[in-house]
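>>> Give me coordinates for this.
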Amino acid sequence: MPDSRSAAGFSSRSASFSPGELVDSAISSYTVRPADSPVDTVKFRSLLAGMLSSLSQHLPSFTPVSLCLLSAGMRSVVLRVSSPDSSVILKYFRRRDSATNSGGFGYLREKHGLVALNSLVPGSYSSLLFSDDSARLLCLEDVTGTPLVVFDSVRFEGQDGALTASAVSAWIYFWAGLLSSDRQGVSSPVLADFSARIAAADPRAHSPGSLTSPALALKGLHRLAADEGVAEDSAEFAHWVAQVESVISPPPASLVLTSGDFSPHNLLIYHDRVRGFDAEGTSLHHRFLPLAEFLLGFPSAPLYPTYTSHFSEKEWLAWAQDFYERISPTPFSNLLNDPQVAAAVLTVRAILAEQTGR
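This is a model prediction of the structure:
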């Protein structure tokens, strides 16, 4: 998350503000977005005050001097809380069963996911400072740096969302490092521990920590078939189903653990380090899902399709081939000839068809 420690409150190390003052200032400075819940209510003010109270209980030496409301969405509320010397992120999850239900993106996956991801590659994601199950609250390290989507933005000034060659290289470096970690794999204690922790918190989970909502892909195939004129009783459609099933229920050798969100918006560059944040979708899934998102130009990211706008199709495919060779145990000379890659691309397309209709 971008560094904003020039905010009010740092001019005086001895400044002291009441929780109410901090809350009022944060709300008055916030720009409401279309999908937000109301922020100008007594209930919302009480929520922010409760988040600050939990922070003081868990980190009593941390003295808040400013508060920035980053998000007031329907799924979560996110705050940056600053002290004279540092800042932290507080994330509150609205679902009442957040601490017991791991079915979708949410509290449990981020709580246990951040620990697991940083075990795969130390320091790759923001650290979990504390969790409060009863309050459905996580306190995270405030990862600072330049967002990947504006990296080297001088070169393409005004082109929001466009990735430069240096940013593409950084994205590949980050994800290849995570996917190729020697702590991934069938016998990985990190993956086993993540799955066990999810299972303990959510005993009803059928496949603890697996890909969220895999049925969306199978549903989406019907939309794709209708759009492309493929009969559902045809051999081609049956092949599609087999491809998608091989991705949503992959063999153990193809399983990896990631944050589950491959958008370039979730990566920051700080000096020479690339770091990630937002692990709400952490899951065990097929290793080629990040590659499929890349090949398709990040269709799940908010500014799609602008990310590839400064590259030719040939250039983008060359980047994809480089990424593929870094993460595949047995790469083909041309990734487009790898049936697992084709299956992963089809799965992403099917999920998007069901979620967005495209």
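
>>> where do the helices sit along this protein?
Ranges of helices within the chain are 19-29, 42-58, 107-120, 165-179, 189-201, 215-228, 235-248, 289-295, 313-327, 339-356, based on DSSP state H.

>>> Which elements pack onto the last one?
The reference is to helix 339-356. helix 215-228, helix 235-248, strand 283-286, helix 289-295 (3 or more C-beta pairs under 8 Å, 6 or more residues apart in numbering; DSSP states H and E). Backbone N, C-alpha and C define where each C-beta goes, glycine included.

>>> closest one to Leu117 among the ones you listed?
strand 283-286 (11.1 Å; C-beta to C-beta).

>>> Just the mean pLDDT for that closest one, thanks.
The pLDDT scores in strand 283-286 average 97.

>>> Return the distance of it from the chain's centre.
Computed by C-alpha atoms, centre = their mean, to the nearest Å, the chain-centroid distance of strand 283-286 equals 13 Å.

>>> and if you look at stretch 328-347?
Distance, centroid of stretch 328-347 to centroid of chain: 23 Å (C-alpha atoms, centre = their mean).

>>> got a list of contacts for that stretch?
Stretch 328-347 is contacted by residues 217, 240, 243-244, 246-248, 253-254, 286-289, 291-292, 295-296, 317, 320-321, 324-325 when judged by C-beta atoms under 8 Å, 6 or more residues apart in numbering.

>>> ok, the residue lying closest to Ser188 once chain neighbours are set aside to Leu117 distance?
Of all residues not flanking Ser188 in the chain, Leu257 sits nearest, at 7.7 Å (C-beta to C-beta, 6 or more residues apart in numbering). Distance, Leu257 to Leu117, using C-beta to C-beta, to the nearest Å: 7 Å.

>>> overlap in contacts of these two?
Between them, Leu257 and Leu117 share the contacting residues Thr282, judged by C-beta under 8 Å, 6+ apart.

>>> so what pLDDT did Asp3 get?
In this model, Asp3 carries a pLDDT of 40.

>>> wait, I meant Thr356
79.

>>> how far away is it from Thr347?
15 Å.

>>> Between the two, point out the one with more neighbours.
For Thr356 versus Thr347, the count of surrounding residues by other C-beta atoms under 10 Å is larger for Thr347: 29 against 11.

>>> where does this protein have low pLDDT?
1-16, 151-161, 357-358 (pLDDT under 70).

>>> before we move on, could you check phi and psi at the most centrally placed residue in it?
When C-alpha atoms, centre = their mean is applied to the chain, the residue found nearest the centroid is Asp261 (3.7 Å). For Asp261, the backbone dihedrals (degrees, to the nearest 10) come out as phi -130, psi 110.

>>> so what's it closest to, chain neighbours aside?
Asp261 sits nearest to Gly281 (C-beta to C-beta, 6+ apart), 5.0 Å away.

>>> Can you report how many residues lie near that neighbour?
Other residues close to Gly281 by other C-beta under 10 Å number 20.

>>> Can you tell me how far it is from Ser312?
For Gly281 relative to Ser312 (C-beta to C-beta), the value is 31 Å.

>>> Ok, Ser53 next?
54 Å.

>>> Which one's more surrounded, those two?
Remark: of Ser53 and Ser312, Ser53 carries more neighbours, 12 against 9, as counted by other C-beta under 10 Å.

>>> and the gap between the spatially closest residue to the more buried one that is not a sequence neighbour and Arg223?
Among residues not flanking Ser53 along the chain, Pro19 sits closest, at 7.3 Å (C-beta to C-beta, 6+ apart). For Pro19, the distance to Arg223 equals 48 Å [C-beta to C-beta].

>>> now Gln321
29 Å.

>>> and what of Leu137?
38 Å.

>>> Pick out whichever of these two has more residues nearby.
Leu137 (22 against 16).

>>> residues in contact with Thr258?
Leu117, Trp175, Leu178, Leu179, Thr282, Ser283, His285, Pro290.

>>> let's see it at 6 Å
Not one residue lies near Thr258 by C-beta atoms under 6 Å, 6 or more residues apart in numbering.

>>> how much space between it and Ser180?
12 Å.

>>> Likewise for Asp40?
48 Å.

>>> Please identify which of these two sits among more neighbours.
Counting neighbours by other C-beta under 10 Å for Asp40 and for Ser180 shows that Ser180 has the greater number, 16 against 10.

>>> Spit out the contact partners of that one.
Contacts of Ser180 (C-beta under 6 Å, 6+ apart): Ile327.

>>> Could you rerun that using 10 Å?
Leu120, Val121, Val256, Arg287, Arg326, Ile327, Ser328, Pro329 (C-beta atoms under 10 Å, 6 or more residues apart in numbering).

>>> likewise His285?
His285 touches 209-212, 214, 247-248, 250, 254-258, 260, 344, 347, counting by C-beta under 10 Å, 6+ apart.

>>> What number of residues are in the vicinity of the spatially closest residue to His271 that is not a sequence neighbour?
Distances taken as C-beta to C-beta, 6+ apart place Gly145 nearest to His271, at 8.0 Å, with adjacent residues excluded. Neighbourhood size, Gly145 [other C-beta under 10 Å]: 18.
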